[in-house]
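> Below are the sequence and a predicted model; questions follow.
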Amino acid sequence: MKKLRFIAAAIAVFTLTNSCEDENTSVPSVTTPSNSDQYQKIVDQFMAAGAVGVSIAVISPEGTWSGTGGKADREKNIAMSPDRKLRIGSMTKMFAATTILKLQEEGLLNIKDKINKYLPKSITDHIANANEVTIEQCLNHRSGIRNYLQDISAGVFDGSIANYSAAQTLSLIYDKPADDPIGSGYYSNSNYLLLSLIITKVTGKSSYEVVKQKIINPLGLLDTSASTLLPEKLTRSYYTEDPAGNSLNDVTQIDNNGIGGQDALDGGMISTASDVTRFVEALITEKLLSPASMQQLETFVDNDPTRLEPDLKYNKQYGLGLMKLETDQGVALGHDGHVFGFGGRAYYFPKQKTTVCILLNTWSPKVVAVLNAKATLNLFFKN
């Protein structure tokens, strides 16, 4: 979600790199919907804003489309292509929530239960609110539990924290105050690390392995990774807080250290735009969950507008690992995702029966402004 302000100071210790090349490389899929020219405009807008690389995929009633622009690795001059993998950040939460609901369907848990039914006191006694909140309140971010980002980021930048597991990361918030009272909380990545531990507890398996078994393998998402092992063709990532978009730094190692640990189901997965689009389409069109589970997944609570980024006020509600946008094209269901140098979003538009995904290997004010803009989403549809 919102970037921490001290990132700029910490990132300055890294060597500055040259600005990205102007060359755009777009690779459309075999099926070419009539809207493909407008899809290409989205690629062009990101490149004009200074993105190093972008990958976009669309599934619509007319067919599928994928396109890319820029570089997967600027220093080695490797072009972005549809099979290049990027970190998807908090889009991982959709996979986690789906897995939890599938386990509920199997009778292994109940989202109305308190999390301390599944987790030991050695954990819950040390996390404010944890003995009183339910699985559901973790899923919809109404637990008030402290977001660990404020406790981990400095260590990730200076190298003292690297590849922490879900349990190790949660230990950073032990015996510290909650962010909010129970029931009125806001977005906290810690919620999804607690859910990760619950998945492991009720299955006896790594939560990453369970996600593979329940979602990745059945859907045949061959380019999607839930693992501590880095896949081939993972792109580099780049970051700057310069409003003009200059002085982009390679922050790949920071991303890998910050979110590369075991069972980081708050944001640790890696994928392609095409795979994410296939997953979101399958999820929202009820190919993964029962109708009863879908009803719970799409039970939304209102977001506090005062805590949203100014350009994301249309992010009105949050369900169970699911954001609900009110766009110019109607409701959109899906999730945004950010790591330090990666960003993107994936949404299904029920009215148009269209699924879209944008993945970027760049974080800068100009690029994020294009990503967040309602107008960008409009380009996926005919005028």
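Arrived safely. Residues are numbered from 1 along each chain as shown.
> can you give me the strands in the chain?
Applying DSSP state E to the chain gives strands spanning 53-60, 63-73, 78-79, 86-87, 238-239, 249-250, 270-271, 301-302, 315-318, 323-327, 330-338, 343-349, 354-360, 362-363.
> Among those, which comes closest to residue 156?
For residue 156, the closest of those is strand 238-239, at 12.6 Å, according to Cβ to Cβ. C-beta: built from backbone N, CA, C; applies to glycine.
> so how far is the closest one off the chain centroid?
Centroid separation between strand 238-239 and its chain, computed with Cα atoms, centre = their mean, to the nearest Å, is 17 Å.
> Present the strands of the chain as TSV; the columns should include mean neighbour count, mean pLDDT and distance to residue 229.
Formatted as TSV, the strands of the chain follow (neighbours: other Cβ atoms under 10 Å; pLDDT from 0 to 100; distance: least, Cβ to Cβ, whole Å):
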stretch	mean neighbour count	mean pLDDT	distance to residue 229
strand 53-60	27	97	21
strand 63-73	23	96	19
strand 78-79	16	98	20
strand 86-87	30	98	14
strand 238-239	27	98	23
strand 249-250	20	97	21
strand 270-271	26	98	10
strand 301-302	12	95	36
strand 315-318	19	95	31
strand 323-327	20	97	29
strand 330-338	22	98	20
strand 343-349	26	98	22
strand 354-360	29	98	20
strand 362-363	28	98	24
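> I'd like those strands laid out as JSON lines, including distance to residue 106.
Output for those, formatted as JSON lines (distance: least, Cβ to Cβ, whole Å):
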{"stretch": "strand 53-60", "distance to residue 106": "28"}
{"stretch": "strand 63-73", "distance to residue 106": "32"}
{"stretch": "strand 78-79", "distance to residue 106": "42"}
{"stretch": "strand 86-87", "distance to residue 106": "29"}
{"stretch": "strand 238-239", "distance to residue 106": "41"}
{"stretch": "strand 249-250", "distance to residue 106": "43"}
{"stretch": "strand 270-271", "distance to residue 106": "25"}
{"stretch": "strand 301-302", "distance to residue 106": "26"}
{"stretch": "strand 315-318", "distance to residue 106": "25"}
{"stretch": "strand 323-327", "distance to residue 106": "26"}
{"stretch": "strand 330-338", "distance to residue 106": "24"}
{"stretch": "strand 343-349", "distance to residue 106": "25"}
{"stretch": "strand 354-360", "distance to residue 106": "27"}
{"stretch": "strand 362-363", "distance to residue 106": "38"}
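> right, so of those strands, which gets closest to residue 139?
Comparing the strands of the chain by Cβ to Cβ, strand 315-318 comes nearest, at 9.2 Å.
> The residue nearest to residue 86 when sequence neighbours are not counted: what's it in contact with?
Distances taken as Cβ to Cβ, 6 or more residues apart in numbering place residue 359 nearest to residue 86, at 4.5 Å, with adjacent residues excluded. Applying Cβ atoms under 8 Å, 6 or more residues apart in numbering, we find residue 359 in contact with 54, 55, 56, 86, 88, 271, 272, 273, 276, 342, 343, 344.
> any idea how far residue 219 is from the first one?
From residue 54 across to residue 219, the span is 24 Å (Cβ to Cβ, to the nearest Å).
> now do the third one
Distance, residue 56 to residue 219, using Cβ to Cβ: 20 Å.
> burial count for residue 248?
Per other Cβ atoms under 10 Å, the neighbour tally for residue 248 reads 25.
> From residue 343, how far out is it?
Counting by Cβ to Cβ, the separation of residue 248 from residue 343 is 13 Å.
> same question, residue 122
Distance from residue 122 to residue 343, by Cβ to Cβ: 36 Å.
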